[in-house]
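> sequence and predicted structure below; questions after.
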Amino acid sequence: MLLTKTGFTVNTKNRLVLDAGAVYRDFVSFAAPGTLLGATRDGAVWNPGLVIRSPEIDGLVGDYKELARIVGARPTLQVNLLECTVANLLLALPGADATASSGARTYVPLSFLELGAPPLVIFNTHADLVPGMLSVWVAPAGLGPAVLKTEFIDYTVVNATGVVTFLVPPALDSVVLAEYTFDAGGPATYDMISFGDIAAGDYIGNVALVATVSGHTDPIVLGINNAIADAGYSLKTANQNEAVTQVTFKAHFDPAAPTVIPAWAIYPRT
């Protein structure tokens, strides 16, 4: 083989990854690629995130062949989303939920709550509460200073029914007060997005970048499994421009297969 000063060959034209590609969730196959996340700008970045260690050994001056080993992996897929949809917002905000609302709201000022069923930890507000618009206080017997309580720490609420359940019962003879807003009905005109804890259902089976390889019929696919977005989401607007949201999805190991790295790639033969 003759020495050459370029890597270009007659096969180069069939080995190029072209353009920005598209990002899907829950990719299964070329015939069933899953759900498209939408238009992007400046493409996406896939990184298997391998952590490789070479041991330090007294008397040796560097890294040596056959000593390196993989000690971890933190795969990511960074996507620059141009389309802003409710579905994409929920993907970018782990633990978030969307509730359809009509916009016909009724505000209830600070008022006493009626007791529900024993053991006096269940209280009723109003059905169809607007998420994030409930505040609950507890005042001790004798009408001392009321203390603002925290959802998920002191109580939980079912927005559809308006039922508030205390995780720890208030002291005997305490007074429970609340102010809230509920949806008064009518056709839904928007979605209210609220935040909560990350649940098992927030993890996406996989997120995959699908891109064209020159000279091939099938695409290259680069994916990560059990993905959720990191906490770095923000939405920035600019004059005479379109907002681009950068979302970084992070893979997670499956407890049922704790040694299988949750990243993969498919390279076409045709």
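Yep, that arrived.

> distance between stretch 68-83 and the chain's centre?
Centroid displacement of stretch 68-83 relative to its chain, using C-alpha atoms, centre = their mean, to the nearest Å, is 15 Å.

> name the residues that touch that stretch?
23, 37-54, 88, 92, 207-209, 222-224, 227, 242, 244-251, 261-263 (C-beta atoms under 8 Å, 6 or more residues apart in numbering). Using the backbone N, CA and C atoms, a C-beta is placed for each residue, glycine as well.

> just these: which are in strands?
Judged by DSSP state E, the contacts of stretch 68-83 include 23, 40-47, 50-53, 207-209, 222-224, 227, 245-250, 263 as members of strands.

> gap between the two ends of stretch 128-135?
Counting by C-alpha to C-alpha, to the nearest Å, you get 15 Å between the two ends of stretch 128-135.

> do the same with stretch 8-24
End residues of stretch 8-24 are separated by 32 Å (C-alpha to C-alpha).

> following element in sequence after the worst-scoring helix or strand of the chain on mean pLDDT, please.
Lowest on mean pLDDT, DSSP states H and E among the helices and strands of the chain sits strand 114-115, with a mean of 62. Sequence order places strand 122-124 as the next helix or strand after strand 114-115, per DSSP states H and E.

> run through the neighbouring helices and strands of that next one.
Packed against strand 122-124 by the contact rule (3 or more C-beta pairs under 8 Å, 6 or more residues apart in numbering; DSSP states H and E) you find strand 114-115, strand 163-166.

> okay, buried residues for it please.
Buried residues in strand 122-124, counted by 16 or more other C-beta atoms under 10 Å: Ile122, Phe123.

> swap in stretch 136-154?
Taking 16+ other C-beta under 10 Å as the criterion, stretch 136-154 shows Val136, Trp137, Val138, Ala139, Ala146, Lys149, Glu151, Asp154 as buried.

> what does stretch 177-184 give?
Across stretch 177-184, burial judged by 16+ other C-beta under 10 Å covers Leu177, Ala178, Tyr180, Thr181, Phe182, Asp183.

> try stretch 86-101
Neighbour counts over stretch 86-101 (16+ other C-beta under 10 Å) mark Asn88, Leu89, Leu90, Leu91, Ala92, Leu93, Pro94, Ala96, Asp97, Ala98, Thr99, Ser101 as buried.

> list the contacts for the fifth one?
Read that as Ala92. Leu81, Ala229, Tyr233, Thr245, Val247.

> so Pro55 versus Tyr64, what's the distance?
Pro55 is 9 Å from Tyr64, where distance means C-beta to C-beta, to the nearest Å.

> where along the stretch 151-270 of the chain do the strands fall?
Per DSSP state E, counting those that start in this stretch, the stretch 151-270 of the chain carries strands over the ranges 155-158, 163-166, 175-183, 190-195, 204-213, 220-229, 245-250, 263-266.

> and stretch 52-72, what's buried?
Under the neighbour-count criterion of 16+ other C-beta under 10 Å, stretch 52-72 has nothing buried.

> just stretch 208-225 next, same as before
208-213, 219-225.

> go on, stretch 163-171?
Result for stretch 163-171 [16+ other C-beta under 10 Å]: buried residues Val163, Val164, Phe166, Pro170.

> now the terminal residues of that stretch, how far apart.
Terminal residues of stretch 163-171 are spaced 19 Å apart (C-alpha to C-alpha).

> check the protein and tell me which residue is nearest its centre.
With distances taken as C-alpha atoms, centre = their mean, Pro94 lies nearest the centre of the chain, 3.3 Å away.
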